[in-house]
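[1] Turn this into a structure:
(one chain, ligands or ions: 1)
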Amino acid sequence: MNLLVLIDQSEFLPHVSYVFRVLSSIYQCKLKVLCHDARTEADLGEAQVVISYGDSMPDIQERPHLHIRKSHLFGEHYLHRASLPRRPLAICEGVPMIYLAEGSEACTEFSGQRAETSIDVVASAFFMLTRYEEQFVTETERDPWGSASPRAQLACKEGCHKRPIVNEYFALVQKWLAQLGVNLNLREHWAPADMALCLTHDVDRIRRFRFLPPVRGMLRAWRRPGGRIQAGRMLQDFVLTRIGLQRDPDRISFERILEIAEQNEMRGTVFILADGSRYSIDALLLAEWVRRAARSGFELGLHGGFSTSTDEEKLRQQKTRLEQALQTGEIVSNRQHYLSARYPETWRNLQAAGIRYDSSAGYRHSVGFRCGICHPFHPFDVQEGRVLDILEIPLIAMDTSMFGHAEFSTSEAMLELENLIEQTRRFHGVLTVLWHHNSLYRDEFPTIADVYERFVGNIRQQASSYTLRELAERWNDADACTW
Ligand SMILES: [Zn+2]
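    Predicted coordinates:
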């Protein structure tokens, strides 16, 4: 289906085009975006449906036409605080809406083949996808690793951070067009499955036991109901590991990750630190593991270390060091340690350092959709006004946000994960999950280990499993097309 988008402001053509480009990577349509006065009769003739965006509604005859009235984001205050949304957000057709057209009630009116709405889904989607608000975050609103804290993020403050609201905005467009008689269908990127799964594992540590017994871990176990046996086993493991009669639990749990993946015919991406802060990448121990992971079809990626989020040279050096140590070819995927990121600088920086695929855009304090979307997307640099080549595959759930920041029980965590699976499947999206290998040490983390095995068992029938690289290559091949 040919979708023609007309806008009335040439200076924001790249910005508005970007939002529709993301929409057309998710829905089956071919796209052309033009300034209203640059359209030709031929363009109109080939379009099956027209969406216009701006202050006034152009006169379009003989084809379905949706007009979206613009809000105050794309205007004289763009990149200034006055362009930020007003709170609390209105709920429009069940969805929290970040921007509405000036001075109007939220409404969508239909008349024959035409519809006009004051619900500005374009600016609202742009705001979330680009992390627009993060331009205005002050140093006191950042966490110790430089990322915007939840209190500086609108979706967290409004309590809608666990919903893929950009996907919900696009679903509103789909619904309005359906009322005009136009069917916009989701693409089948992951056929025969309805959704994709990206399992990822950050290697933050390679040895559980060092010189002293794990007193804090044992105390935590001791306080758990029935945890005294586990505390005793931890002490036993420590002694046996130290005298060389047993392998370190971090090593066993890494192998467990691979075993679980093999049993369920899945694979994943392992991100490795190359800054020397936690371990040496030349360690024999690590080399053995990663070779086995690579043989099992796992992808090896870079775990960008401290301060690389804005330091291109440092990131490039770490990437080169990892490539030289692993000897498994070019490293193309990255996740920032502690999800440390300042947008859009971090995206720009990763791209300049030669990273092609990133999966750092997620929340540390909670599961959820930091960019409002459950699909891969090319980020847009709001400061330079251009689309970047790097592909972001947003992180949606991680073990530490469920069990570190909130102390979930098995059933609470399973419910949270089921909810994310449901939302991702509804939009044929990608569920990217981070599980640290060391949380599979059962005596220390029985709940986290249990939830992981149950989750993988549940999702195997519902999702196609990919490494980050495989998923990104598949996505880029089928990316938005124009006519
Ligand atoms: Zn890390």
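[2] what's near enough to touch the closest residue to residue 12 other than its chain neighbours?
    Excluding its sequence neighbours, the residue lying closest to residue 12 (C-beta to C-beta, 6 or more residues apart in numbering) is residue 74, at 4.3 Å. The C-beta positions use only the backbone N, C-alpha and C, and glycine is treated the same way. Going by C-beta atoms under 8 Å, 6 or more residues apart in numbering, residue 74 touches 9, 12, 15-16, 123.
[3] Can you tell me the centre-most residue of the protein?
    Note on the chain: the residue nearest the mean C-alpha position is residue 394, at 1.1 Å, using C-alpha atoms, centre = their mean.
[4] who's in contact with the closest residue to residue 361 other than its chain neighbours?
    Excluding the flanking residues, the one nearest residue 361 by C-beta to C-beta, 6+ apart is residue 394, at 4.7 Å. Contacts for residue 394 (C-beta under 8 Å, 6+ apart) come out as 359, 361-362, 369-371, 373-374, 376-377, 432.
[5] Could you report the neighbour count for the residue of the stretch 251-400 of the chain found nearest the ion?
    Nearest residue of the stretch 251-400 of the chain to the ion: residue 337, at 3.9 Å (C-beta to the ion). Residue 337 has 22 neighbours, counted by other C-beta atoms under 10 Å.
[6] With residue 185 instead?
    Neighbours of residue 185 under the rule other C-beta under 10 Å: 11.
[7] picking up where we left off before, now the contacts of residue 74 in JSON lines, with pLDDT, neighbour count and secondary structure?
    Output for the contacts of residue 74, formatted as JSON lines (pLDDT from 0 to 100; neighbours: other C-beta atoms under 10 Å; DSSP: H, G, I helix; E, B strand; the rest coil):
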{"residue": "9", "pLDDT": "85", "neighbour count": "16", "secondary structure": "coil"}
{"residue": "12", "pLDDT": "96", "neighbour count": "23", "secondary structure": "helix"}
{"residue": "15", "pLDDT": "97", "neighbour count": "22", "secondary structure": "helix"}
{"residue": "16", "pLDDT": "97", "neighbour count": "24", "secondary structure": "helix"}
{"residue": "123", "pLDDT": "98", "neighbour count": "28", "secondary structure": "helix"}
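[8] Quick one: low-confidence residue ranges for the stretch 251-400 of the chain.
    Flagging of the stretch 251-400 of the chain using pLDDT under 70 yields the residue ranges 284-285.
[9] Next one: the residue of the stretch 1-150 of the chain found nearest the ion, what pLDDT does it get?
    With C-beta to the ion, the shortest gap between the stretch 1-150 of the chain and the ion falls at residue 145, namely 9.8 Å. Per-residue confidence (pLDDT) for residue 145: 90.
[10] Same question for residue 177.
    Looking at residue 177, its pLDDT is 98.
[11] residues touching residue 193, list them.
    Contacts for residue 193 were tallied using C-beta under 8 Å, 6+ apart; they are 462-464.
[12] out of those residues, which one sits closest to residue 24?
    Using C-beta to C-beta, residue 464 is the member of these that lies nearest residue 24, at 21.8 Å.
[13] Spatially nearest residue to the closest one, not counting backbone neighbours?
    Excluding the flanking residues, the one nearest residue 464 by C-beta to C-beta, 6+ apart is residue 193, at 4.2 Å.
[14] what does residue 434 give?
    Computed as C-beta to C-beta, 6+ apart, the closest residue to residue 434 that is not its neighbour in sequence is residue 398, at 3.8 Å.
[15] The one you found and residue 362 touch, don't they?
    Yes: Residue 398 lies in contact with residue 362 (C-beta atoms under 8 Å); the separation is 6.8 Å.
[16] shared neighbours, those two?
    Listed as contacting both residue 398 and residue 362 by C-beta under 8 Å, 6+ apart are residue 434.
[17] Now stretch 137-152 - C-alpha only, CSV.
    Presented in CSV, the C-alpha positions along stretch 137-152 are these (Å, rounded to 0.1, in the frame of the first residue of the first chain):
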residue,chain,number,x,y,z
VAL,A,137,18.4,16.7,32.1
THR,A,138,20.5,18.5,34.7
GLU,A,139,23.6,16.8,36.3
THR,A,140,21.7,16.3,39.6
GLU,A,141,19.0,14.4,37.7
ARG,A,142,21.5,11.8,36.4
ASP,A,143,22.4,8.5,38.1
PRO,A,144,26.1,7.8,39.1
TRP,A,145,26.7,6.4,35.6
GLY,A,146,25.5,9.5,33.7
SER,A,147,22.1,8.3,32.6
ALA,A,148,18.9,10.2,33.1
SER,A,149,17.3,9.0,36.4
PRO,A,150,13.6,7.9,36.4
ARG,A,151,12.5,11.2,38.0
ALA,A,152,13.8,13.0,34.9
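[18] Who are the packing partners of the longest helix along the chain?
    In the chain, with assignment by DSSP state H, the single longest helix is helix 410-426. Contacts defined by 3 or more C-beta pairs under 8 Å, 6 or more residues apart in numbering; DSSP states H and E place helix 410-426 against strand 195-203, strand 397-398, strand 430-434, helix 446-459.
[19] switch to 10 Å and redo it
    On a contact count with 3 or more C-beta pairs under 10 Å, 6 or more residues apart in numbering; DSSP states H and E, helix 410-426 meets helix 165-179, strand 195-203, strand 397-398, strand 430-434, helix 446-459, strand 463-465.
[20] Flag every residue of the stretch 151-300 of the chain that's near the ion.
    Residues of the stretch 151-300 of the chain lying close to the ion (C-beta under 5 Å from the ion) are 202, 204.
[21] Which parts of the stretch 151-300 of the chain are strands?
    Secondary structure of the stretch 151-300 of the chain (DSSP state E, counting those that start in this stretch): strands located at 195-203, 268-273, 299-304.
[22] JSON lines for the ones you listed, including mean neighbour count?
    Formatted as JSON lines, the strands of the stretch 151-300 of the chain follow (neighbours: other C-beta atoms under 10 Å):
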{"stretch": "strand 195-203", "mean neighbour count": "25"}
{"stretch": "strand 268-273", "mean neighbour count": "26"}
{"stretch": "strand 299-304", "mean neighbour count": "26"}
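[23] what would those strands look like in JSON lines with distance to residue 242?
    Putting the strands of the stretch 151-300 of the chain into JSON lines (distance: least, C-beta to C-beta, whole Å) gives the following:
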{"stretch": "strand 195-203", "distance to residue 242": "22"}
{"stretch": "strand 268-273", "distance to residue 242": "24"}
{"stretch": "strand 299-304", "distance to residue 242": "28"}
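[24] Show the residue spans covered by the helices in the stretch 101-250 of the chain.
    Along the stretch 101-250 of the chain, the stretches classed as helices by DSSP state H, counting those that start in this stretch are 121-130, 154-157, 165-179, 215-223, 228-242, 249-263.
[25] highest average neighbour count across these?
    The highest mean neighbour count among these, using mean count of other C-beta atoms under 10 Å, belongs to helix 121-130: a mean of 26.
[26] Only alpha carbons, please: show that helix as PDB.
    Output in PDB follows, covering the C-alpha atoms of helix 121-130 (Å, rounded to 0.1, in the frame of the first residue of the first chain):
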ATOM      1  CA  VAL A 121       0.800  11.000  17.700                       C
ATOM      2  CA  VAL A 122       3.700  12.200  15.400                       C
ATOM      3  CA  ALA A 123       5.200  14.600  18.000                       C
ATOM      4  CA  SER A 124       4.500  12.200  20.800                       C
ATOM      5  CA  ALA A 125       6.200   9.300  19.100                       C
ATOM      6  CA  PHE A 126       9.200  11.500  18.100                       C
ATOM      7  CA  PHE A 127       9.500  12.600  21.800                       C
ATOM      8  CA  MET A 128       9.900   9.000  23.000                       C
ATOM      9  CA  LEU A 129      11.900   7.500  20.100                       C
ATOM     10  CA  THR A 130      14.600  10.300  20.200                       C
END
